[in-house]
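> Here's a sequence, model it:
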Amino acid sequence: MRQLGLLDERGCARLQRNDLVRDIVEVAEELDMAQWLSPHLVGLSATVDKMIKRGELSRDTGSVHPSGDLHYPARPGERRVDLLCYIPKVNRVFERPATHHLTGWQAQRLVGGHLRQIDGDARPTAEEELQEEQRSKGMPVTPLPPGHTFVRSYHTHGDRRRH
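Purely as a prediction, here's the structure:
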């Protein structure tokens with residue numbers, strides 16, 4: 001959603017629902033993962049509906065200009081289209097600092113589990129960890145794609161912004 005849709009100033013991504021499968025296949029082809037992905041596209045519509053029910057995605061209405069450009073909000077005189085909307089959620093965890101010289105609260109940021117492209121083979125437990133994460137989130141369970149490993153969720157510690 002974030003890569004393929006319109007991204008507004010709040011970080012909300014919007015994408016035409018009808019174009020979702022086509023766009024996912026295009027990205028998979030670019031990453032040389034189309035063959036791995038194709039069996040999993042069958043349940044995509046049902047997965048999107050579940051994500052809407054759980055509040056992970058919402059619906060919006062936009063419009064398409066005759067040139068094919070997507071607009072949100074919908075513009076008068078343009079063809080109306082159904083959009084899927086992804087609004088990122090920030091998960092923050094606050095804990096007391098472990099060292100005495102720090103003052104106040106130290107914020108941590110949760111980084112969700114994700115796939116990482118690698119050269120070579122993934123560690124033996126990577127596929128099992130991926131599938132465990134998928135089950136816990138109610139997602140369809142899929143095998144680990146070739147050339148990738150799974151990175152478990154973790155917390156960052158402190159402010160690591162680059163200056």
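> going forward, measure contacts and count neighbours with C-alpha atoms only.
Will do.
> Neighbours of residue 20, how many?
Neighbourhood size, residue 20 [other CA atoms under 10 Å]: 19.
> What sits closest to residue 155 if chain neighbours are left out?
Nearest residue to residue 155, sequence neighbours excluded (CA to CA, 6 or more residues apart in numbering): residue 110, at 4.5 Å.
> would you say the one you found is within a strand?
Yes. Membership of residue 110 in a strand is supported by DSSP: H, G, I helix; E, B strand; the rest coil.
> if I look at it, how far off is residue 132?
Distance from residue 110 to residue 132, counting by CA to CA, to the nearest Å: 18 Å.
> on that earlier part again, could you count how many residues lie near the residue nearest to residue 155?
Neighbour count for residue 110, taken as other CA under 10 Å: 14.
> Kindly tell me how buried residue 10 is, as a neighbour count.
For residue 10, the neighbour count with other CA under 10 Å is 8.
> which SSE is it in?
In the assignment (DSSP states H and E), residue 10 maps to no helix and no strand.
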